[in-house]
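> the sequence and its predicted three-dimensional model are supplied below.
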Amino acid sequence: MQKFSMTCSCGDVMSVDASTREEAVMQMKDMMTQEAIDGHMQEKHANDPAMSMADCHAMIEKNLAPAQSSIVP
């Protein structure tokens, strides 16, 4: 398993563990329902326009990447 993550413009980091990036994208999309998106937007982006699930899922497809290791050699 590998950790995949993305950082929202508000600084929140969302992560999932998956075998492949494709699996990670699917997992993240499953987590980010319209209800979850609305809650995040209300809590962290109160002055921003609402985000559709399609727009959020497009951002996931574009930005989800293997997490950077914090281990320094």
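Now that the structure is in, tell me what you want to look at.

> in stretch 23-39, what's buried?
Of all the residues in stretch 23-39, those buried under the rule 16 or more other CB atoms under 10 Å are 24-25, 27-28, 32, 37. Heads up, the C-betas are built off the backbone N, CA and C, glycines and all.

> start and end of that stretch, how far apart?
24 Å (CA to CA, to the nearest Å).

> next: stretch 15-24.
End residues of stretch 15-24 are separated by 9 Å (CA to CA).

> what about M28, distance to F4?
Using CB to CB, to the nearest Å, one obtains 8 Å as the distance from M28 to F4.

> equivalent analysis for Q34, please.
22 Å.

> what does stretch 48-67 contact?
For stretch 48-67, contacts defined as CB atoms under 8 Å, 6 or more residues apart in numbering pick out 2-7, 15, 21, 24-25, 28-29, 32-34, 37-38, 41, 45.

> the same query, at a cut-off of 10 Å, please.
2-10, 13-18, 21-22, 24-29, 31-38, 40-42, 45 (CB atoms under 10 Å, 6 or more residues apart in numbering).

> where does pLDDT dip in the chain?
69-73 (pLDDT under 70).

> fine by me, thanks again.
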